[in-house]
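K.L.:
Sequence and predicted structure are below.
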Amino acid sequence: MWMFNNSCFYLQLQFLFELPARLKKCIEMKAYGQAVRYYAKTRTVLNQYQHMPSFHGIQQDCSDIVTELRSKLREQFRDKESTPKQLAECVDLLLQLKEPADELCDEFLARAQEKLDEDLSEMSDQVDPAKAIDVSTPIKEMVESTDKKEERPSEKYMRNMPMDILEFIHKGCTNFLGNICLVIASYKELFVNRQTHSDPQEQDQLKEVAHAKLADFVKSRMEQYFSCVEQRIQAEKESVENSMLVRALDRFHRRLQAVDDLLPKLNIIARGTEIVANAARERSLFYLEGLKNHFIECTTDVRQKLCTPHLIGKQETSNLMDMLSMMSSSIVEQMKIVLANLQGFTSADLTFANTAYFQGTFCVHDVREVVVVGFLEYLFKASCDLCERSGEKGSAPAAIILLLSRLHMDFSNSTINQIVTTADKQFSLDPRCKVTPAADLSTKAKKTAQKLLNQYVQIQGLQISQMLRKSVETRDWLNTIEPRNVRAVMKRVVEDVTAIDTQVGHLYEEGVRKAHSSDSSRRAFSLSSARQQQQRMQRPSANIDNSLMSNIQKLFSERIEIFSAVEFSKVSVLTGIVKISLKTLLECVRLRTFGRYGLQQMQVDTHYLDMYLWRFVSDENLVHFLLDEIIGSTIHRCLDPILMEPSVIEVICERG
């Protein structure tokens, strides 16, 4: 036993004396693992007996050789051509040689950063497609700009060729995400999941340091990557095709899952989901603006058609009902296209479609409220704004106001309900969700239609009123000649009212009229009313003023609302226009002074109006009453109130 122990001791001594030579031999043979094992086995003994002269020399020689060994391992660690297996061996050996773990972590990540920065640089060059190399760039300029980098012009041209967003995302996923996943896996294998025989506490500290450094590194690189993706999506939000954008976002989100699985504590997938959600939200706003612009374009097209002159003999194409049908169907069709495109974000085969945002907020808020309700609210507001700008330079023609009133009426009756129901079904909205009810939108549409129709009546009534006012104010009623014809302005009034009747008839139903009296009784009333007025004027009365008697009679007559609300029918619209026109004529007459022939001319004009206007209104008595008021006021304002014979008036009007 004693001899055996002595033998082992002599062998150990012999191994120590041969250790420097053995280490050199291993380094020459690149057997770095064997060299580390030799040194690790003897390091404790050499450190323990280094105070002895014989051991001190051996220890010094071994220390110099191990320093060289560390240098060799560092070179291999930094070599870009090293395989993952070689890297793992280098790290393991360096750690066995007591190299600081944090330095190795930093060096590994610094080396990995170079490649990742190259990937990010390539992505940055493609962030804005407009900044990509121009095809018209002279070859000479490309040659001069690439000489310093020793890059062929064709290579630079191909590298800077603009990518579509799907190719951009695919390249980013393949290059950057693929490389960072490889870095994370290699790093964790080298520094985190490494099994050693060292002190467990020391190993836990190494893992903690390694985890912290890896987390900071990945966070920094991923933020740069996310920034590139966000900028590219923002740059193409108005040009990229929707299906391509959805596919690109799905690929982006799907590949992020691999990174998130490697480092779940960083919650990388949540940041990616946020980017996808923002892109979908921006897309919704983009489609909302598109719908608004489409409505403006439809309105402009109608305006141009209304203003286009038509050749004589050609069939008139500006039928308002056809324009209404085209405008309504175009708006509805555009909304269906938008809903179909946005539905692409909720397809079951997409990885992000099952997230809480796309299951709830996107469907309820971004689509239902922002796009559908938002566009309808804009439609109501934009149409009402046309009423506010009426009369200004460049304001909308009356025909467009009329057409929009019918459009909103149709929307109120059925279209809004169809659009909302379609959206609710396409996006599977829960009936319990707090959304704007279709009934509220229909009510707003009807109110808008009413406001537009009232505005149309006022516009047309005021246009005719302006003609009548000018015809009264510019004529010398005291010195006019005996009437022989109906004034041209009265013929123009009848023509304009007839044209309005035709225009309104394209869009609205006839409506309800009171029973008409016979032509003979109507003519008798028209011609006798003036005679009755004259008789009242000529009847002697010592105590009561004629104007006072007239005002007393008005107190007991039925009050006529001139600017009352208009019903959705042709008769109601024309009644409103006629009331405004005749009321204006009445007010103008009250401000003028008439001679005998001026009174007789007004008799002729009012009789002519009575012959035609009664057929446009809901109650012919309204026309009789207002015309009677006009003649009565003319008699009151006449210096020589002598009326023309009814038979003469009939002859003049029939001839006119």
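P.N.:
Yes, it's here.

K.L.:
Could I get the pLDDT score of Leu403?
P.N.:
For Leu403, the model assigns a pLDDT of 94.

K.L.:
next one: Thr317
P.N.:
Model confidence at Thr317, expressed as pLDDT, equals 41.

K.L.:
Which helix or strand lies directly C-terminal to the lengthiest helix in the chain?
P.N.:
Ranked by residue count, the top helix of the chain under DSSP state H comes out as helix 268-307. Following the chain from helix 268-307 toward its C-terminal end, the next helix or strand by DSSP states H and E is helix 320-343.

K.L.:
Please put the alpha-carbon coordinates of that following helix into CSV.
P.N.:
Extracted in CSV, the C-alpha atoms of helix 320-343 (Å, rounded to 0.1, in the frame of the first residue of the first chain):
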residue,chain,number,x,y,z
LEU,A,320,-82.9,63.3,-61.3
MET,A,321,-84.3,59.9,-60.4
ASP,A,322,-81.6,58.2,-62.5
MET,A,323,-78.9,60.4,-60.8
LEU,A,324,-80.4,59.5,-57.4
SER,A,325,-80.3,55.8,-58.2
MET,A,326,-76.7,56.0,-59.4
MET,A,327,-75.6,58.0,-56.4
SER,A,328,-77.4,55.9,-53.8
SER,A,329,-76.2,52.6,-55.3
SER,A,330,-72.6,53.9,-55.6
ILE,A,331,-72.5,55.0,-52.0
VAL,A,332,-74.0,51.7,-50.7
GLU,A,333,-71.7,49.6,-53.0
GLN,A,334,-68.6,51.5,-51.8
MET,A,335,-69.6,50.9,-48.1
LYS,A,336,-70.0,47.2,-48.8
ILE,A,337,-66.5,47.1,-50.4
VAL,A,338,-65.1,48.8,-47.3
LEU,A,339,-66.8,46.4,-44.9
ALA,A,340,-65.6,43.4,-47.0
ASN,A,341,-62.0,44.8,-46.8
LEU,A,342,-62.1,45.4,-43.1
GLN,A,343,-63.6,41.9,-42.6
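
K.L.:
mind checking which helix or strand Gly632 is in?
P.N.:
helix 620-636.

K.L.:
Quick check: next helix or strand after that helix?
P.N.:
Scanning the chain past helix 620-636 towards its C-terminal end, the next helix or strand to appear is helix 646-655 (assignment: DSSP H and E).

K.L.:
Would you mind writing the CA trace of that next one as PDB?
P.N.:
In PDB, the C-alpha atoms belonging to helix 646-655 read as follows (Å, rounded to 0.1, in the frame of the first residue of the first chain):
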ATOM      1  CA  PRO A 646    -113.500  91.200 -66.700                       C
ATOM      2  CA  SER A 647    -114.100  90.300 -70.400                       C
ATOM      3  CA  VAL A 648    -111.200  92.400 -71.500                       C
ATOM      4  CA  ILE A 649    -108.900  90.800 -68.900                       C
ATOM      5  CA  GLU A 650    -109.900  87.300 -70.100                       C
ATOM      6  CA  VAL A 651    -109.200  88.200 -73.700                       C
ATOM      7  CA  ILE A 652    -105.700  89.600 -72.900                       C
ATOM      8  CA  CYS A 653    -104.800  86.600 -70.700                       C
ATOM      9  CA  GLU A 654    -106.000  84.000 -73.200                       C
ATOM     10  CA  ARG A 655    -104.100  85.800 -75.900                       C
END
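
K.L.:
List the buried residues of it.
P.N.:
Using 16 or more other CB atoms under 10 Å as the test for burial, helix 646-655 gives 646, 649-650, 652-653. (Each C-beta comes from the backbone N, C-alpha and C, glycine too.)

K.L.:
I'd like to know which of those is nearest to Gln113.
P.N.:
Looking at the buried residues of helix 646-655 and their distance to Gln113, the nearest is Cys653, at 98.4 Å (CB to CB).

K.L.:
got a list of what the closest one touches?
P.N.:
486, 604, 607-608, 611 (CB atoms under 8 Å, 6 or more residues apart in numbering).

K.L.:
Let's see which of these end up in helices.
P.N.:
Taking DSSP H as the definition of helices, the contacts of Cys653 contribute 604, 607-608, 611.

K.L.:
quick revisit: most neighbours among the contacts of Cys653, which one?
P.N.:
The residue in the contacts of Cys653 with the most neighbours, by other CB atoms under 10 Å, is His607 (25 neighbours).

K.L.:
how about the helices of the stretch 51-200 of the chain, start to end?
P.N.:
Using DSSP state H, counting those that start in this stretch, the helices assigned to the stretch 51-200 of the chain run over residues 53-78, 84-96, 101-125, 139-147, 153-159, 165-172, 178-187, 200-235.

K.L.:
okay if I get the ones you listed as JSON lines plus mean neighbour count, distance to Leu320 and mean pLDDT?
P.N.:
What follows is the helices of the stretch 51-200 of the chain, written out as JSON lines (neighbours: other CB atoms under 10 Å; distance: least, CB to CB, whole Å; pLDDT from 0 to 100):
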{"stretch": "helix 53-78", "mean neighbour count": "16", "distance to Leu320": "80", "mean pLDDT": "71"}
{"stretch": "helix 84-96", "mean neighbour count": "18", "distance to Leu320": "76", "mean pLDDT": "74"}
{"stretch": "helix 101-125", "mean neighbour count": "17", "distance to Leu320": "54", "mean pLDDT": "85"}
{"stretch": "helix 139-147", "mean neighbour count": "12", "distance to Leu320": "59", "mean pLDDT": "46"}
{"stretch": "helix 153-159", "mean neighbour count": "14", "distance to Leu320": "56", "mean pLDDT": "52"}
{"stretch": "helix 165-172", "mean neighbour count": "20", "distance to Leu320": "44", "mean pLDDT": "90"}
{"stretch": "helix 178-187", "mean neighbour count": "18", "distance to Leu320": "62", "mean pLDDT": "88"}
{"stretch": "helix 200-235", "mean neighbour count": "17", "distance to Leu320": "43", "mean pLDDT": "87"}
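
K.L.:
can you put the ones you listed in JSON lines and add distance to Glu377?
P.N.:
Formatted as JSON lines, the helices of the stretch 51-200 of the chain follow (distance: least, CB to CB, whole Å):
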{"stretch": "helix 53-78", "distance to Glu377": "64"}
{"stretch": "helix 84-96", "distance to Glu377": "60"}
{"stretch": "helix 101-125", "distance to Glu377": "40"}
{"stretch": "helix 139-147", "distance to Glu377": "52"}
{"stretch": "helix 153-159", "distance to Glu377": "48"}
{"stretch": "helix 165-172", "distance to Glu377": "31"}
{"stretch": "helix 178-187", "distance to Glu377": "45"}
{"stretch": "helix 200-235", "distance to Glu377": "26"}
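
K.L.:
and the end-to-end length of stretch 587-594?
P.N.:
14 Å (CA to CA, to the nearest Å).

K.L.:
what's that stretch in contact with?
P.N.:
468-469, 472-473, 477-478, 602, 630, 633-634, 637-639.

K.L.:
For it, the averaged confidence score.
P.N.:
Throughout stretch 587-594, pLDDT has a mean value of 93.

K.L.:
Check which residues of that stretch are buried.
P.N.:
Residues of stretch 587-594 classed as buried: 588-589, 592, 594 (neighbour count, 16+ other CB under 10 Å).

K.L.:
so which of these comes closest to Lys336?
P.N.:
For those, the minimum distance to Lys336 (CB to CB) is 52.6 Å, reached by Cys588.
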